[in-house]
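Asks: the following block contains a protein sequence and its predicted model.
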Amino acid sequence: MTKTPLTLYLAAPRGFCAGVDRAIKIVELALEKWGAPVFVRHEIVHNKFVVDGLRDKGAVFVEELSECPDDRPVIFSAHGVPKSVPSAAQARNMIYVDATCPLVSKVHIEAQRHADAGLQIIMIGHAGHPETVGTMGQLPEGDVLLVETPDDVAGVAVRDEGRLAYVTQTTLSVDDTADIVAALQARFPAIIGPHKEDICYATTNRQEAVKAMAHKCDAMLVVGAPNSSNSKRLVEVGARAGCAYAQLVQRADDIDWRALEGIGSIGITAGASAPEVLINEVIDAFKARYDVTTELVETAQENVEFKVPRVLRQPA
């Protein structure tokens, strides 16, 4: 039977970023150095395939430090943790390794610097997301106020309108964040922003590639986890940029083939915590059903690399 022709647009950059790469490497090196089990507080990155793979190697994933024994190493996830977590680990004399993405750590340092200068912080982020919890937890409760939408800005009760700064979660939609920043600046003209954008390079690059691809394709799939903020933002960006059908899938098995009937082109990208093996699995699923012509839509090249902590570069 003759297969229907399909143009498959493949976004570049897509998938793993340097912070995710480093976090996974930290767990693997910790297992090599100390043996199993190694405990990990929260999913190291938001991807079930990655987490299951590390679990098979001997990583034990828990939500709280209280679930970890004193005598085994614990790793903090790439999303970052409140200051109280390493303090509690130190109090218990635990070996711990912080896998917080360096770009998230930059936001932590920024928030602390503003607080030291006597400024109150407004954080743009998603309530309950581990990165937001970690950043807000760098300072005493009440010192960081959270806004999620431009409408939230009107209701924020600040100590002093002239002494404010804002920081953002690193995985937000660039366009949505710009709207919230504009609302903050309109209400608080003296508010201080970051020297350099808090939204990380990988989030920005993946969103730009989706925008470049969206108008070309009848449908778009984003490979990523439902609890991955940057993956969900890619779906939203694709829809807003003009793609009629944009969906998140974790694996090829999740593809809704009936919804894709009659398409002539598909765009494929992946969130920063999705491995290339899952992207290839989705591409192979299309090749099994269609006569696929692949076109790369490249908007940037990435060569960022973050070193693992020194403790893992030293012998046990």
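Replies: Received, thanks.

Asks: quick check: F306 touching P102?
Replies: Yes: counting by Cβ atoms under 8 Å, P102 is a contact partner of F306 at 5.2 Å. C-beta coordinates here come from the backbone N, C-alpha and C atoms, glycine included.

Asks: direction included, what does the helix or strand that L221 is a member of pair up with?
Replies: Element membership for L221, per DSSP states H and E: strand 219-223. If you go by DSSP bridges, strand 219-223 pairs up with strand 245-249 (parallel), strand 265-270 (parallel).

Asks: tell me where the stretch 1-150 of the chain has helices.
Replies: 18-34, 48-57, 84-91, 102-116, 130-136, 150-154 (DSSP state H, counting those that start in this stretch).

Asks: now do the longest one: distance to the chain's middle.
Replies: I take that to be helix 18-34. From the chain centre to the centre of helix 18-34 is a distance of 17 Å (Cα atoms, centre = their mean, to the nearest Å).

Asks: one more: stretch 219-233?
Replies: Counting by Cα atoms, centre = their mean, stretch 219-233 comes out at 10 Å from the chain centroid.

Asks: give the buried residues for it.
Replies: By neighbour count with 16 or more other Cβ atoms under 10 Å, stretch 219-233 contains the buried residues 219-225, 228-233.

Asks: span of it from start to end?
Replies: From the first residue to the last, stretch 219-233 extends over 16 Å; the measure is Cα to Cα, to the nearest Å.

Asks: and the average pLDDT for that stretch is what?
Replies: In this model, stretch 219-233 has a mean pLDDT of 96.

Asks: check stretch 286-302 too.
Replies: If you average the pLDDT over stretch 286-302, you get 98.

Asks: buried residues, that stretch. List them.
Replies: Neighbour-count burial for stretch 286-302 flags 286, 290, 292, 297, 299 (criterion: 16+ other Cβ under 10 Å).

Asks: return the subset of those lying in strands.
Replies: Judged by DSSP state E, those include 290, 292, 297 as members of strands.

Asks: can you tell me the closest non-neighbouring residue to the first one?
Replies: Closest residue to Y290 apart from its sequence neighbours, by Cβ to Cβ, 6 or more residues apart in numbering: L6 at 3.7 Å.

Asks: tell me the pLDDT at that neighbour?
Replies: Listed pLDDT for L6 reads 98.

Asks: for the one 10 residues further on, same thing?
Replies: The predicted structure scores F16 at 96 on the pLDDT scale.

Asks: tell me, how many residues neighbour it?
Replies: As a burial measure, F16 scores 22 neighbours (other Cβ atoms under 10 Å).

Asks: got a list of what the residue nearest to D98 when sequence neighbours are not counted touches?
Replies: Leaving out its chain neighbours, the residue that sits closest to D98 by Cβ to Cβ, 6+ apart is F76, at 4.9 Å. F76 makes contact with 41-42, 85-86, 96-100 under the criterion Cβ atoms under 8 Å, 6 or more residues apart in numbering.

Asks: repeat that for T7.
Replies: Residues in contact with T7 (Cβ under 8 Å, 6+ apart) are 216-217, 264-266, 292-295.

Asks: still on that earlier bit, tabulate the ones in strands among the buried residues of stretch 286-302 (JSON lines), appending distance to T203.
Replies: Below are those laid out as JSON lines (distance: Cβ to Cβ, whole Å):
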{"residue": "Y290", "distance to T203": "30"}
{"residue": "V292", "distance to T203": "28"}
{"residue": "V297", "distance to T203": "17"}
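
Asks: return the closest of these with respect to D52.
Replies: Taking Cβ to Cβ as the measure, D52 sits nearest to V292 out of these, at 28.5 Å.

Asks: how far away is the closest one from A11?
Replies: Going from V292 to A11 by Cβ to Cβ, to the nearest Å gives 16 Å.
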